[in-house]
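A.B. asks: Would you be able to build a 3D model of this:
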Amino acid sequence: MSVLPGMMRSARHPRAIRWPGSERWILWLLAIMIGLLSIAPLARLIWAAIAPQGVPDSERLLRLLNAPRVLRATGNTLFIALGATAISLLLGTLAAWLVALSDIRARAAWVFAFILPLMIPPQVTALAWVQAMSPSGPLMKLLAGLGVPPFAGPPPLYSMSGIILLLGLHNAPLVFLAVRAGLQRLPSDLVEAAKIAGASPLRVLLTVILPLARPAIFAGAALSFVAAAGNFGIQAMLGIPAKVPTLITLIYQQLNSTGPGALPDMAVLSLLLAAITLAGMLISSLLGGRRDVRVSGTAHALTQSLGRWRLPVEATAWLLMALILLLPLSALLTTSLTQGFGQALNWQTLTLINYRNALFDYPAVRHAFFTSLWLTAIAAAILTLMALFMACYLSWRRSRLVRVLHLSSELAYALPGVVTGIAALLFFLRPLPLINVSLYGTVWIILAAYLSNFLALVLRPTLAGFARVERSLDEAAQLAGAGFLRRMRDILLPLVAPSAIAGAILVFLTALNEIQVSILLVTSSTQTLGPTIVFLDEGGSSTLAAAVGCLMILVVVGLMLLASWCARRHKGILPWQV
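C.D. replies: Okay, here's the model as predicted:
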């Protein structure tokens, strides 16, 4: 009995933890991996930006940052990110209120459909919308049938407003997730008091609910701002043809034209992009955390009845979903089933040749698919193993080193993927010391970037799984003489396995289709699936790109359903769960 009080004191004072041997060396192994994959590349990026020749050069920095093309790209990046965030805030907040507080029916299906665009690769989203708004697309045909004259000049999406619109639609689920979580934690005391005082539902929403949910709203705004500023797929597929440069497309084009010699200058631009996103997160945190907002009381289910407006609101919500989701996807599917872009789909033009080419006849596409598949599987397996131990330390063995490692993983995930890509290029450009092996130009540099960027993604649901485990089970096994690894294998792993598997599927889902990190790391012999869409579209193979996009969407939906099945008994682990 004298052991337990000592253990409780250690839990309250983490610096006093006496680490057994196995726990200590596993922690240091995690520290080495995170240090080499996340901390060291970022430090190398900063040093390359400040001192490419080994000596700090402030004149070079000022000259580069004041270049007209950089100033224009920076201004465009800020304007696009702010505009897209405004659209995301409007749609995401309305959707969160509808799901969290109203009595709308079939909300689980609606939430799944609303979250789905976030899981679809942004380059596929851009391709689908471009094809939907082409002169032969369904939207243009519908407008022509209503008597609206066709657009003069280039397609309307190839513009800054088109980029802002698509980024706003794509990132609205991020705001939805943050605001829904905040609304679900609201105490109902003030709302009930406002109702008793005679306030209408609209007045309650505007004067009570939204002010109380302001921290969550600003948190969602920060997520949307960061995602919009660092989204390569939509900015590249719309901005490059429209000649609307942003920081992320400027980095991509400069590296493509100049090669590794441009890395020091691109390191400066990637740090500028990182500074913009971190500044946006900081401002959002300051505005959302102002002290004039206080939430107290007990949170429980709070519902605002729609009354006679329920059916019109439900119809409007599903109509909006059809417009956002089904319209572009139907255009993408139509293009993939025809032999040429712009053809009408009928029994004469219907063909499956694009799918046959994507799956069997085009070695580059097939190679990209299998490369992405096994790279993603390895990354998901390694990250899930790392997350299991990290979640255990964060839950029950929290120390200063553990907190630093957690912060490093969160920072690597929060930074735009292009920053991770540039950092990996700089860090792994030279052969590794001792073994004299270079990762530059190989698939292993992509794997290293995945391991750096996606640890936080699998760590969050795994932490949620550990929060549901009674620590007394682990302590009882420890008193019985079971070592750390045996307790992890026999007790903790079976209990947190559903959460860890759900996190692994999220990593697999994200990494399989991602483009932000790998676009700078792929070569002609190391293609992955995400950038393939961009390369096919740039090469004029729109129908083949549409077929690959449809296959990617099919994989996304399948993985989302699989993750839902794995986490069916653990509500709240997956973002689309109600």
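
A.B. asks: alpha carbons only for contacts and neighbour counts from here, please
C.D. replies: Will do.

A.B. asks: my guess is Ile446 contacts Leu521, does it?
C.D. replies: Yes: with contact defined as CA atoms under 8 Å, Ile446 reaches Leu521; the gap is 6.3 Å.

A.B. asks: Those two: which is more packed in?
C.D. replies: The neighbour comparison of Ile446 against Leu521 (other CA atoms under 10 Å) goes to Ile446, with 28 against 24.

A.B. asks: What's the mean pLDDT across the helix or strand where that one lies?
C.D. replies: Using DSSP states H and E, Ile446 sits in helix 443-453. For helix 443-453, mean pLDDT rounds to 90.

A.B. asks: I'd like to know which elements it is packed against.
C.D. replies: The contact analysis (3 or more CA pairs under 8 Å, 6 or more residues apart in numbering; DSSP states H and E) places helix 443-453 against helix 363-396, helix 400-414, helix 417-428.

A.B. asks: tilt between the next helix or strand after that helix and helix 363-396?
C.D. replies: Helices and strands here follow DSSP H and E; after helix 443-453, the next one along the chain is helix 455-467. Helix 455-467 runs at 40 degrees relative to helix 363-396, counting by axes from the mean of the first three to the mean of the last three CA atoms, to 10 degrees.

A.B. asks: Would you mark the buried spots in the helix or strand following helix 455-467?
C.D. replies: Next along the chain after helix 455-467, taking DSSP H and E as the criterion, comes helix 471-479. In terms of neighbour count (16 or more other CA atoms under 10 Å), helix 471-479 has its buried residues at Asp474, Ala477.

A.B. asks: Equivalent analysis for stretch 371-378, please.
C.D. replies: In stretch 371-378, counting by 16+ other CA under 10 Å, buried: Thr371, Ser372, Leu373, Leu375, Thr376, Ala377, Ile378.

A.B. asks: Out of these, which is nearest to Ala331?
C.D. replies: Each of the buried residues of stretch 371-378 was checked against Ala331 using CA to CA; the closest is Ser372, at 25.9 Å.

A.B. asks: Which secondary structure elements does the one helix or strand Leu169 maps to sit against?
C.D. replies: Assigned by DSSP H and E, Leu169 belongs to helix 160-184. Packing partners of helix 160-184 (3+ CA pairs under 8 Å, 6+ apart): helix 68-100, helix 107-119, helix 122-132, helix 214-229, helix 232-234.

A.B. asks: Out of those helices, flag the one nearest Glu475.
C.D. replies: Checking the helices and strands packed on helix 160-184 against Glu475 by CA to CA gives helix 214-229 as the closest, at 36.3 Å.

A.B. asks: Just the pLDDT at Gly83, thanks.
C.D. replies: 95.

A.B. asks: Who are the contact partners of it?
C.D. replies: Ile164, Gly168 (CA atoms under 8 Å, 6 or more residues apart in numbering).

A.B. asks: The helix holding Leu169 - what's its average pLDDT?
C.D. replies: 88.

A.B. asks: Kindly report the same for stretch 387-404.
C.D. replies: So the average pLDDT for stretch 387-404 ends up being 86.

A.B. asks: Contacts for the helix or strand Thr334 falls within, please.
C.D. replies: Per DSSP H and E: Thr334 is located in helix 327-336. With contact meaning CA under 8 Å, 6+ apart, helix 327-336 is reached by 125, 127-129, 131-132, 137-139, 341-343, 345, 352, 354-355, 542-547, 549-550.

A.B. asks: hmm, back to that, any idea how far the helix holding Ile446 is from the chain center?
C.D. replies: Helix 443-453 sits 16 Å away from the centroid of its parent chain (CA atoms, centre = their mean, to the nearest Å).

A.B. asks: quick one: it to helix 400-414, angle?
C.D. replies: Going by the same axes, to 10 degrees, helix 443-453 makes 110 degrees with helix 400-414.

A.B. asks: quick one: helix 443-453 to helix 417-428, angle?
C.D. replies: Using the same axes, to 10 degrees, the inter-axis angle of helix 443-453 relative to helix 417-428 is 130 degrees.
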